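Q: What follows is a protein structure lacking sequence information:
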C-alpha cells in the first residue's frame, strides 16, 4: 500500500515537472490507489460482515484481531465458534 502511494505521488510529480499540471495523471494516480487498496474491502468479519480495517471513520493498514462490532476473535479457524471475551 505504501509502495502504491509512493508510485502515485511520483507519477503526478514527474508528469507535473515534465508537462505541467495534468488532471489525467492525477486521475491515473487515484485509479491506481483504488485498485491497489481494493483487497482491503474484501476482508470482513465472518460473523457480522464488518470490515476489519475500519476503526470508526478511520481506515488503518492492519486488520483488527477482534471484531469491533460483534466481538468475534478472528484468530479462530472457523466462523460460528463461541464468542470469546465479549
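A: Right, received. Where do you want to start? Quick caveat, the model's predicted, so the values are computed rather than measured.
Q: and residue 61, backbone torsions?
A: The phi and psi torsions at residue 61 (degrees, to the nearest 10) take the values phi -80, psi 10.
Q: Can you tell me the closest non-neighbouring residue to it?
A: Spatial nearest neighbour of residue 61, excluding adjacent residues (C-beta to C-beta, 6 or more residues apart in numbering): residue 1 at 5.7 Å. In this view, the C-beta of every residue, glycine as well, is placed from N, C-alpha and C.
Q: so how far is residue 33 from the one you found?
A: 9 Å (C-beta to C-beta, to the nearest Å).
Q: Have a look at the two and say which one is more surrounded.
A: Neighbours around residue 1 and residue 33, counted as other C-beta atoms under 10 Å, are more numerous at residue 33. The numbers are 16 against 11.
Q: isn't that one right next to residue 8, touching?
A: Yes. Counting by C-beta atoms under 8 Å, residue 8 is a contact partner of residue 33 at 5.4 Å.
Q: Would you quantify the distance from the residue nearest to residue 61 to residue 22?
A: 24 Å.
Q: Show me where this protein has its helices.
A: With DSSP state H as the criterion, the chain has helices at 2-19, 23-37.
Q: Right, I'll leave it there.
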